[in-house]
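Engineer: kindly generate the corresponding structure for this input.
(4 chains)
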Protein chains: 2
Amino acid sequence: MGPELIRLVAARFRALSDPARLQLLNVLRDGEATVSDLVEATGLGQANVSKHLALLHQLGFVRRRREGIYIWYQLADRDVLRLCDLMCGRIEAEAAARGRLFSG
Amino acid sequence: MGPELIRLVAARFRALSDPARLQLLNVLRDGEATVSDLVEATGLGQANVSKHLALLHQLGFVRRRREGIYIWYQLADRDVLRLCDLMCGRIEAEAAARGRLFSG
DNA sequence: TGCATATATGCCTATATGATCATGTATGCG
DNA sequence: CGCATACATGATCATATAGGCATATATGCA
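Structural biologist: Numbers count the residues shown, from 1 in each chain, chains lettered A, B, ... in the order given. Below is the predicted model:
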């Protein structure tokens, strides 16, 4: 992995390193949603949501399309979920290891 | 995904969101290494490397063992590589898409 | 055209983060 | 014990980033 590729990878992991953005992706897991939907679902501010979505879009994690006055966002592909699931798996394994520590 | 799990996942992605840490993990891909090895391989400062390793260790990405005066670090498991490879795959796909844009 | 709604963007501030320097701690050896 | 080597940690500074407010842009409709 050359320095340039490392920078690209880092930038993408950084996009996933914020609770607000993960929350947005998590809502999109249930299907397409407008910015307003996402604002309501997450409780985040509208400007905030727009900025997070802009970053996620720029890095290819979400797609968007306009429909009249609304803009609908959706997950770009299944990789995002795979990445999150991998991380969750690690956390569960960690928790399980802790459990074994206490019981055994 | 509850808020707490989201925070845990975000923290782990954050650990992978820094070029210096990815560089360290990339070196460890070739096998176990001491802090000195990593300092030399990456060109980073020693204190800097130690702190990055501490974070990676705290979040379970690397294991360490002491051998006399040295401390050897290694990847904790294969998940790290899977995560990076997934990201790299996304970037390659992106580049390929760009290529198609220019040629077609 | 003028207005309302939906979304994006610029500015500002608080906080987080990374790099460096200096120092602390741990191990080995004479 | 005293010293050298390897690593960790604390302090500091510069920069990056998230959030909120205000505002700009875009679309639809009367």
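Engineer: and the residue nearest to residue A:14 when sequence neighbours are not counted, helix, strand or coil?
Structural biologist: In this structure, residue A:14 finds its nearest non-sequential neighbour in residue B:17, 3.6 Å apart by CB to CB, 6 or more residues apart in numbering or on different chains. No exception for glycine: its C-beta is placed from N, CA and C like everyone else's. When classified by DSSP: H, G, I helix; E, B strand; the rest coil, residue B:17 comes out as coil.
Engineer: report the contact partners of residue B:17.
Structural biologist: The contact partners of residue B:17, taken as CB atoms under 8 Å, 6 or more residues apart in numbering or on different chains, are A:10, A:11, A:13, A:14, A:16, A:17.
Engineer: ok, 6 Å please
Structural biologist: Contact analysis of residue B:17 by CB atoms under 6 Å, 6 or more residues apart in numbering or on different chains lists A:10, A:13, A:14, A:17.
Engineer: which residue is the nearest non-sequential neighbour of residue A:75?
Structural biologist: Per CB to CB, 6+ apart, closest to residue A:75 is residue A:28, 5.0 Å.
Engineer: ok, now residue A:31?
Structural biologist: Of all residues beyond its chain neighbours, the one nearest residue A:31 is residue A:74 (7.2 Å), with distances taken as CB to CB, 6+ apart.
Engineer: how many residues are close by residue A:56?
Structural biologist: Burial of residue A:56 is recorded as 24 neighbouring residues (other CB atoms under 10 Å in any protein chain shown).
Engineer: please apply the same query to residue A:102.
Structural biologist: The burial count for residue A:102: 6, using other CB under 10 Å.
Engineer: checking my notes, it in a helix, right?
Structural biologist: Yes: under three-state DSSP, residue A:102 sits within a helix.
Engineer: pLDDT score for it?
Structural biologist: Among the per-residue scores, residue A:102 holds a pLDDT of 72.
Engineer: next one: it from residue B:5, what distance?
Structural biologist: 20 Å (CB to CB, to the nearest Å).
Engineer: grab the nearest non-local neighbour of residue A:21.
Structural biologist: Closest to residue A:21 by CB to CB, 6+ apart is residue A:52, at 4.9 Å.
Engineer: host element of the closest residue to residue A:1 other than its chain neighbours?
Structural biologist: In this structure, residue A:1 finds its nearest non-sequential neighbour in residue B:26, 5.0 Å apart by CB to CB, 6+ apart. Assigned by DSSP states H and E, residue B:26 belongs to helix B:19-28.
Engineer: and for residue A:77?
Structural biologist: With DSSP H and E as the test, residue A:77 turns up in no helix or strand.
Engineer: and it, its phi and psi?
Structural biologist: phi -160, psi -170 (degrees, to the nearest 10).
Engineer: the helix or strand harbouring residue A:81 and chain B in contact?
Structural biologist: Assigned by DSSP H and E, residue A:81 belongs to helix A:79-103. Yes: judged by CB under 6 Å from any CB of the partner chain, helix A:79-103 comes into contact with chain B at A:79, A:83, A:86, A:87, A:90, A:91, A:94.
Engineer: and of these, the nearest to DNA strand C?
Structural biologist: Of all the residues of helix A:79-103 next to chain B, residue A:87 has the smallest distance to DNA strand C: 15.9 Å, by CB to the nearest atom of the strand.
Engineer: mind listing what that closest one touches?
Structural biologist: Here residue A:87 is in contact with B:9, B:12 (criterion: CB under 6 Å, 6+ apart).
Engineer: noted, bye for now.
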